[in-house]
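J.: Okay, sequence plus prediction incoming.
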Amino acid sequence: MNHFELFDMPAAFSLDAAELQQRYRKLQQTLHPDRFATGSEREKLRAVQRTAQLNDAYQTLRSPLTRAEYLLELRGIDLAHEQTTLQDPDFLMAQMEWRERIEEITDLEALDSAYKDLQEQMNALQGELEQHLEAAANEEAAIAIRKLKFMHKLHHELEQTEEQIRY
Amino acid sequence: MAYSEKVIDHYENPRNVGAFDKNDPSIATGMVGAPACGDVMKLQLKINAEGIIEDAKFKTYGCGSAIASSSLVTEWVKGKSIAEAEQLKNTQIAEELALPPVKIHCSILAEDAIKAAIADYKKKHVA
């Protein structure tokens, strides 16, 4: 059973996050350890295993990036374990400029504007990704996912900068 | 995770950090990135009329292993011909720096950066 089937939801990129959370909570309750308190060791073990599987599935589907990656995995493209390098000079040059910009941030104003610009670029990329996934243009979707990973890294860098500024 | 002494040495005293003018015809620029970790690497070679790499510079945003890998290759390629530099394998970098398996992609990044720079040089000089 794949992650989408586990939640009885269609295997698509666009997904109702609130619905997913609701179904997750319901399934979680059915597997609660208290329900198996009087059960056999075998039943208890199975419940624990299924809970782990459920949590893994929920975490994967919850974030758009990992959800997209998982969708491609179902379509036979494994991005999680690839060691391919990206060689798109324009995109990478923009990444370098982003890194330089982040290095120079010293106040909250600059930080906020960087967060805003980054979010805009991430939204645009995610929009592209959604189109590619729906059109089953898997190679193009894979490229968008790889780029999105760099954007997530930038977001992480911004969070670290924020910590340095605030504390 | 523990870094090897060589990684720490290159990380704390990186060799050849900086940039050349990418529009200079004798300068070759290689840009590569690793989606797995979001690292980006820019590697530039200064190549003379005989096809010998006279100088190299890099700028890398990434972990200690990625910085050490790029620092090391800038040292290695100096004085080498393009053909020799093309032979450079990531396994040599990984071995020299004693990189653990999870950091092998950093050495792949450095190898690909050299290849991308040489491809850039060839493109500049054929066209």
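T.: Structure's in. What do you need?
J.: In terms of helix, strand or coil, where does B:Arg15 fall?
T.: When classified by DSSP: H, G, I helix; E, B strand; the rest coil, B:Arg15 comes out as coil.
J.: Could you pull up the residues touching B:Cys37?
T.: By Cβ atoms under 8 Å, 6 or more residues apart in numbering or on different chains, the residues touching B:Cys37 are A:153, B:62-63, B:66, B:105. C-beta coordinates here come from the backbone N, C-alpha and C atoms, glycine included.
J.: Which of those residues fall in helices?
T.: Counted as lying in helices by DSSP state H, out of the contacts of B:Cys37, are A:153, B:66, B:105.
J.: burial count for B:Leu45?
T.: Using other Cβ atoms under 10 Å in any protein chain shown, the number of residues around B:Leu45 comes to 28.
J.: Spatially nearest residue to the residue of chain A found nearest chain B (excluding sequence neighbours)?
T.: Here the residue of chain A nearest chain B is A:Lys153; by Cβ to the nearest Cβ that distance is 2.5 Å. Nearest residue to A:Lys153 in three dimensions, chain neighbours excluded: B:Gly38, at 2.5 Å (Cβ to Cβ, 6 or more residues apart in numbering or on different chains).
J.: Let me see the contact set for that neighbour.
T.: A:149-150, A:152-154, A:156, B:62.
J.: again, only using 10 Å
T.: By Cβ atoms under 10 Å, 6 or more residues apart in numbering or on different chains, B:Gly38 lies in contact with A:95, A:99, A:149-157, B:61-63.
J.: And for A:Leu86?
T.: With Cβ under 10 Å, 6+ apart, A:Leu86 has these contacts: A:92, A:95, A:143, A:146-147, A:149-150, B:31-35, B:40, B:109, B:112.
J.: Check the spacing between the closest residue to it other than its chain neighbours and A:His132 real quick.
T.: Nearest residue to A:Leu86, sequence neighbours excluded (Cβ to Cβ, 6+ apart): B:Gly33, at 4.4 Å. As judged by Cβ to Cβ, to the nearest Å, B:Gly33 and A:His132 stand 20 Å apart.
J.: ok so, going back, considering the contacts of B:Cys37, which is situated nearest to A:Thr85?
T.: Minimum distance to A:Thr85 across these is 8.1 Å, recorded for B:His105 (Cβ to Cβ).
J.: Give me the pLDDT for that closest one.
T.: On pLDDT, B:His105 comes in at 91.
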